[in-house]
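Undergrad: give me the fold of what follows.
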Amino acid sequence: MSGIQVYQASSGVPAIQEQALTTEMLVRQVNIVKNAMKAVMRQGHHFDKIPGCGDKPVLLKPGAEIISVTFRFSPEYKIDTTEMAKGHREYSVVCNLIHGPTGGFIGQGLGSCSTMESKYRYRAGAGTVTDIAVPKAYWDARTSDPSAAAAVLRRVANEAGIEGAKFSTKKDDTGVWRIATFADKVEHDNPADYYNTCLKMAKKRAFVDAILTATAASEIFTQDLDDNPAIFGGKDETRRLNLVAIKDDFDACQNMEELDSAVQGLMIDKQHPEAPKVNGLYQNAKRRILAEKPPIQGGENLSVKELRCPNTGKPVDPTACEDRPCRNGCPEFSEDGGE
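TA: Purely as a prediction, here's the structure:
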């Protein structure tokens, strides 16, 4: 039997005192959540802690789903969409929790998300292509250690007298890979690209809010800090990274330029203990983006793995290629930073 007690009054007049939880029932309900946290949940996946924000962990969506299954909840959603100027959109979601076995109403949560939020509204600017060739050290580190690769670009550009902390790679008019600066962020020209992402985020926020409210789990968890840990947490490079939030940002990237901008914006030192995990998320997002791109050479019936590098003559798989593009560029790699 679950810890949530669902009462269905026989008359239309609610008997508040009769339906109130006893102290023993309340303790049991809270303990169910605590036991699930200890026995099933894992930090970094079901919940996490944001440095500088106290000891109370943040409840993440997978953790909320564990609690929902434990108490046999069935969430129902009501979605309200508000159209805004320039194609922007806001979603407001109400999540009602229904007790599966009885059909009784348990609790409610609210959540909203808009394409006007900065991480959906803006993207990195095009920047300026310099006359500095991309060094070999960048290509060597780019796949295995993106943060180290970003550091190479930063060091080489700074040594050449170009100030800045973020740099990317672009081909110049002759097809040679050059270091490019980052321009000020600009607005996305098509907010619709993020409609689905924002809808899911609003739904997640409402769901987690409902779980915390209905189970009194706010004593154990908090919410929302995972959406933008940079706002709430410290900036010490030794801080514990919120990998769930980083994955969400990587999953929202539509091309390699956006993905490179996202990973370089993290400014994670290669010695950070969680740098390998971030690199794993980066590689997964990279494979997804490249797998969605059509072959650049060959006919319609030519598969990706049948492509051959024009420099080595060997078969090329852009989603798992160990070859590095030469300075003159490689047609198998797109214009968005050497991938």
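Undergrad: domain ranges for the protein?
TA: By the assignment in automatic domain parsing, the chain contains the domains 16-120+189-234, 126-183+249-316.
Undergrad: mean confidence score for the first one?
TA: The reference is to domain 16-120+189-234. The pLDDT scores in domain 16-120+189-234 average 85.
Undergrad: so which bits of the host helix or strand of Ile66 are buried?
TA: In the assignment (DSSP states H and E), Ile66 maps to helix 61-70. Under the neighbour-count criterion of 16 or more other CB atoms under 10 Å, helix 61-70 has Lys61, Gly63, Ala64, Glu65, Ile66, Ile67, Ser68, Thr70 buried. Yep, even glycine has a C-beta here, placed from its N, CA and C like the rest.
Undergrad: want to throw those into TSV with distance to His45?
TA: Formatted as TSV, the buried residues of helix 61-70 follow (distance: CB to CB, whole Å):
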residue	distance to His45
Lys61	10
Gly63	8
Ala64	12
Glu65	11
Ile66	10
Ile67	14
Ser68	16
Thr70	16
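Undergrad: and Lys34, helix, strand or coil?
TA: helix (DSSP: H, G, I helix; E, B strand; the rest coil).
Undergrad: just give the closest residue to it, not the sequence neighbours.
TA: Closest residue to Lys34 apart from its sequence neighbours, by CB to CB, 6 or more residues apart in numbering: Ile220 at 6.5 Å.
Undergrad: in contact with that neighbour, which residues?
TA: Applying CB atoms under 8 Å, 6 or more residues apart in numbering to Ile220 gives the contacts Val30, Val33, Lys34, Met37, Lys56, Pro57, Leu59.
Undergrad: closest to His99 out of the residues you listed?
TA: Val33 (16.0 Å; CB to CB).
Undergrad: all helices for the stretch 51-200 of the chain, in order.
TA: 61-70, 118-121, 136-142, 146-159, 195-215 (DSSP state H, counting those that start in this stretch).
Undergrad: mind giving me the packing neighbours of the first one?
TA: The one in question is helix 61-70. helix 23-39, helix 195-215 (3 or more CB pairs under 8 Å, 6 or more residues apart in numbering; DSSP states H and E).
Undergrad: cutoff 10 Å now
TA: For helix 61-70, the packing partners by 3 or more CB pairs under 10 Å, 6 or more residues apart in numbering; DSSP states H and E come out as helix 23-39, strand 47-48, strand 73-83, helix 195-215, helix 243-252.
Undergrad: quick check: angle from it to helix 243-252?
TA: Going by axes from the mean of the first three to the mean of the last three CA atoms, to 10 degrees, helix 61-70 is angled at 110 degrees with respect to helix 243-252.
Undergrad: if we can go back for a sec, now the helix holding Ile66 and helix 195-215, what's the angle there?
TA: If you take the same axes, to 10 degrees, helix 61-70 sits at 50 degrees to helix 195-215.
Undergrad: CA atoms of helix 61-70 as CSV?
TA: Output of helix 61-70 as CSV, limited to C-alpha atoms (Å, rounded to 0.1, in the frame of the first residue of the first chain):
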residue,chain,number,x,y,z
LYS,A,61,12.9,15.0,-13.5
PRO,A,62,14.1,11.4,-13.2
GLY,A,63,13.9,11.6,-9.4
ALA,A,64,10.4,13.1,-9.6
GLU,A,65,9.4,10.2,-11.8
ILE,A,66,10.7,7.7,-9.2
ILE,A,67,8.5,9.4,-6.5
SER,A,68,5.5,9.4,-8.9
VAL,A,69,5.8,5.7,-9.5
THR,A,70,6.4,5.0,-5.8
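Undergrad: about what we covered before: format the domains of the chain as JSON lines; extra columns: distance to Asn242.
TA: Output for these, formatted as JSON lines (distance: least, CB to CB, whole Å):
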{"stretch": "domain 16-120+189-234", "distance to Asn242": "4"}
{"stretch": "domain 126-183+249-316", "distance to Asn242": "10"}
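Undergrad: Pro57 and Lys34 touch, don't they?
TA: No: the criterion here is CB atoms under 10 Å, and Pro57 misses it with Lys34 at 11.8 Å.
Undergrad: these two: who's more crowded?
TA: Neighbours were counted for Pro57 and for Lys34 using other CB atoms under 10 Å; Pro57 has more, 21 against 12.
Undergrad: for that one, which non-adjacent residue is closest in space?
TA: Phe47 (4.4 Å).
Undergrad: count of residues packed around the one you found?
TA: Using other CB under 10 Å, Phe47 has 23 neighbouring residues.
Undergrad: show me the beta-bridge partners of it.
TA: Beta-bridge partners recorded for Phe47 (DSSP bridges): Gln43, Leu59.
Undergrad: and it, what does it touch?
TA: Neighbour list for Phe47: 37, 41, 56-60, 62-64, 66, 220-222, 226, 244 [criterion: CB atoms under 10 Å, 6 or more residues apart in numbering].
Undergrad: if we use 8 Å, what do you get?
TA: For Phe47, the contact set (CB under 8 Å, 6+ apart) comprises Met37, Met41, Pro57, Val58, Leu59, Leu60, Gly63, Phe221.
Undergrad: of those residues, just say which sits nearest to Ala210.
TA: Comparing those against Ala210 with CB to CB places Leu59 closest, at 11.3 Å.
Undergrad: now Gly127: how far from Thr181?
TA: 4 Å (CB to CB, to the nearest Å).
Undergrad: over to His99?
TA: Applying CB to CB, the value for His99 to Thr181 is 57 Å.
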